[in-house]
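Asks: how would this look folded up:
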Amino acid sequence: MAILFNFIIAFSAAFIGVIPPGLINMSAAKISMKEGRRNATLFSLGVCVTVMLQTYIALLFARYLEKNPDIIASLEQVALGIFICITIYFLFIAKDTRRAIPDNLVRKSKKKRFFGGMFIASLNVLPLPFWVYVSVTFSAFGWFSFETPELLTAILASGLGTFIMLRLYIHFFKREDSSRNTPLKVNMNFIIGAVTALISLITAFKIFKDL
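Replies: The predicted structure is shown next:
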């Protein structure tokens, strides 16, 4: 049962995390439009390898924290400061994402789509604190286990959830639209900022509750 819970939580978190249009999924969609689904799928597989590696690192750190609850209390205050800074950055400093993805970024690793996916995914460091937060939070409710089999299940589920959502992006962006360079309709920085603001409020509430 613990393995099932880990799989569901990790798969759902990864799947939902890739839904908002961003650099990774929009790059996969644009590669699909310009070069076909095969290259886009190779790109997505490279992304998933990096995501699973990031998940592994984050869960190892989270397991250490779970075994040392005193550290969690101190880190919650640090995390609150980090999330507040991230919120301020995405809401007021980060560049508007409502623009087309540059063609030179898409063509940069044309012959090495797999490694290109790994590279672009590595530019996104948010999965590290994201997976620490998710795993520790669900572990507190007894729904997430850090035992080795369950941990490996979560890592595989994170890659699978990411891959399936990227495949949906690839499927729904048709090749005949490749001549377009359509910008995003929504500034995704606002969405990310709103999410981190919500996490900041939840973390602050928990800190003050424990005082």
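Asks: Could you pull out the helices in the protein for me?
Replies: Secondary structure of the chain (DSSP state H): helices located at 2-17, 23-35, 37-67, 69-88, 103-107, 113-122, 127-140, 148-172, 188-210.
Asks: Now do the third one against helix 23-35: the angle between them, please.
Replies: Meaning helix 37-67. Compare the direction of helix 37-67 with that of helix 23-35 by axes from the mean of the first three to the mean of the last three CA atoms, to 10 degrees and you get 170 degrees.
Asks: Looking at helix 37-67 now, give me its mean pLDDT.
Replies: Per-residue pLDDT over helix 37-67 has a mean of 91.
Asks: mind listing what's buried in it?
Replies: Buried residues in helix 37-67, counted by 16 or more other CB atoms under 10 Å: 37, 39-56, 58-59, 61-63, 65-66. Every C-beta, even on glycine, is put in place using the N, C-alpha and C of the backbone.
Asks: so how far is it from its chain's centroid?
Replies: 9 Å (CA atoms, centre = their mean, to the nearest Å).
Asks: Can you list the helices and strands that that helix packs against?
Replies: Helix 37-67 is packed against helix 2-17, helix 23-35, helix 69-88, helix 113-122, helix 127-140, helix 148-172, with contacts defined by 3 or more CB pairs under 8 Å, 6 or more residues apart in numbering; DSSP states H and E.
Asks: One more pass at 6 Å, please.
Replies: helix 23-35, helix 113-122, helix 127-140, helix 148-172 (3 or more CB pairs under 6 Å, 6 or more residues apart in numbering; DSSP states H and E).
Asks: Single out the most deeply packed of these.
Replies: Of all the helices and strands packed on helix 37-67, helix 23-35 carries the top mean neighbour count, a mean of 23, counting by mean count of other CB atoms under 10 Å.
Asks: That one versus helix 148-172: what angle between them?
Replies: Going by the same axes, to 10 degrees, helix 23-35 makes 40 degrees with helix 148-172.
Asks: Low-confidence regions, the protein specifically.
Replies: Per-residue confidence of the chain (counting by pLDDT under 70) places the weak regions at 20-21, 72-76, 79, 94-111, 174-189, 191-192, 210-211.
Asks: what residues are up against the residue nearest to Phe163 when sequence neighbours are not counted?
Replies: Nearest non-adjacent residue to Phe163, counting by CB to CB, 6 or more residues apart in numbering: Cys48, 4.8 Å away. By CB atoms under 6 Å, 6 or more residues apart in numbering, the residues touching Cys48 are 159, 162-163.
Asks: now, among these, which is nearest to Phe90?
Replies: Ranked by distance to Phe90 (CB to CB), those are led by Thr162 at 21.0 Å.
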